[in-house]
Every structure is written in structure tokens, then in C-alpha cells.
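Participant: sequence first, then the predicted structure, then my questions.
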Amino acid sequence: MLLFFDGWMRVVVASGNLIPYDWETNENVIFVQDFPIVQATGSNNRNLHPFAKDIKDFILAIGFKNHIVNKLSQYDFSRAKAKLVASIPGEYKGIEDMKNMVTGTSTISSLNVDFLHEFYRSASGIDPLEISKPHAKKGQGVEIPLPQI
């Protein structure tokens with residue numbers, strides 16, 4: 001949620017849907033941070049802070065109007081305490097759609113060895129077009145962070 005007030009805006013990101021079931025029976029978290037309006041600098045050519053750019057990319061992808069995107073440059077995101085990893089519904093195919101892929105699961109025990117091997121190959125950092133070449137470089141390891149409350 002983006003909530004606009006006189007002199008500041010509030011960003012609220014919830015891990016669950018806003019329905020009673022998600023909050024009564026599931027474990028969820030909420031991120032909330034307030035951002036002040038940028039003090040006048042005489043220049044309108046500011047680059048968006050990465051946090052604001054992530055918000056912009058997400059709200060454009062889900063069909064918000066440009067007038068909301070245009071408001072983002074009015075706020076100071078320099079003290080943002082989070083990095084957004086948005087989940088944008090849709091089907092993605094091809095190398096270009098996969099370059100910034102993040103995946104998640106809430107039930108690690110449901111993953112089998114074949115899936116984990118395929119996931120590792122897909123996420124190893126090796127260019128998929130290079131895999132079949134004899135001297136393909138080895139990619140970085142995969143990190144699987146476990147949830148912590």
C-alpha cells in the first residue's frame with residue numbers, strides 16, 4: 001500500500017493477503033516505513049532511489065496509472081530499510097525474462113532432489129546458452145535462506 005499524507009508517504013508491504021484467514025491461521029509479517037517529501041533543490045531531474053524504482057516497476061507492471069508513479073520522485077527514499085522483491089503475476093519465458101528471477105517456497109520439505117538439481121542448474125549464474133560449450137565457466141553457489149521470525 002502507498003498511503004499519501006501532507007508532507008510524507010507511508011509504504012506498507014504485507015506478506016499475506018488482507019483477508020482474515022491469512023492473518024488468523026498463517027504467520028505473516030508487515031513492513032511499514034514512512035518517507036518525507038524531498039526538500040526543494042531547484043532540480044526536477046533527480047534519479048529515483050533504487051527502493052522507489054522497485055516500487056515504480058511493480059506498480060507499472062500491475063497496471064497502476066502514471067500519476068502515482070510521478071509522485072514517487074517527490075519523496076526522499078534515502079533511508080529505506082528494505083529491498084523489495086516483488087512477485088508479479090504472469091508467465092515469463094526466454095532468457096531476458098529470467099535474468100532477474102527470484103523464487104521462493106514455504107514448504108522446503110516438499111522439494112525433491114531432482115527439483116533442487118534443476119533449480120541449481122537454472123540459478124547457478126551460468127549463461128544457459130554457454131552450458132553446452134566445453135569450457136563453460138562455473139557459476140556461483142546457490143543460497144537458500146531459511147525463514148526466521
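Facilitator: Nice, I can see it.
Participant: now do the strands in this protein.
Facilitator: Along the chain, counting by DSSP state E, strands occupy 2-5, 8-14, 30-36.
Participant: for the last one, what is the average pLDDT?
Facilitator: Strand 30-36 shows a mean pLDDT of 95.
Participant: who does it touch, helix- and strand-wise?
Facilitator: Packed against strand 30-36 by the contact rule (3 or more C-beta pairs under 8 Å, 6 or more residues apart in numbering; DSSP states H and E) you find strand 8-14. (C-beta placed from N, C-alpha, C; glycine too.)
Participant: now the strand it packs on: mean pLDDT?
Facilitator: 94.
Participant: how about residues contacting that strand?
Facilitator: For strand 8-14, contacts defined as C-beta atoms under 8 Å, 6 or more residues apart in numbering pick out 1-3, 28-37, 55, 71, 75, 82, 84.
Participant: ok so, going back, in a markdown table, list the strands of the chain along with mean neighbour count and distance to residue 60.
Facilitator: As requested, the strands of the chain are exported to a markdown table (neighbours: other C-beta atoms under 10 Å; distance: least, C-beta to C-beta, whole Å):
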| stretch | mean neighbour count | distance to residue 60 |
| --- | --- | --- |
| strand 2-5 | 12 | 13 |
| strand 8-14 | 15 | 16 |
| strand 30-36 | 14 | 19 |
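Participant: looking at the ones you listed, which is nearest to residue 114?
Facilitator: Closest of those to residue 114 is strand 8-14, at 33.4 Å (criterion: C-beta to C-beta).
Participant: still on that earlier bit, so which of the strands of the chain comes closest to residue 59?
Facilitator: Per C-beta to C-beta, nearest to residue 59 of the strands of the chain: strand 2-5, 7.7 Å.
Participant: model confidence over the closest one, on average?
Facilitator: pLDDT averaged over strand 2-5 gives 94.
Participant: and if you look at stretch 119-138?
Facilitator: In the prediction, stretch 119-138 has an average pLDDT of 60.
Participant: swap in stretch 50-65?
Facilitator: On average, stretch 50-65 scores 89.
Participant: quick one, domains of the chain?
Facilitator: Per automatic domain parsing, the structural domains of the chain span 2-74, 91-141.
Participant: start to end distance for the first one?
Facilitator: Start and end residues of domain 2-74 are separated by 13 Å (C-alpha to C-alpha, to the nearest Å).
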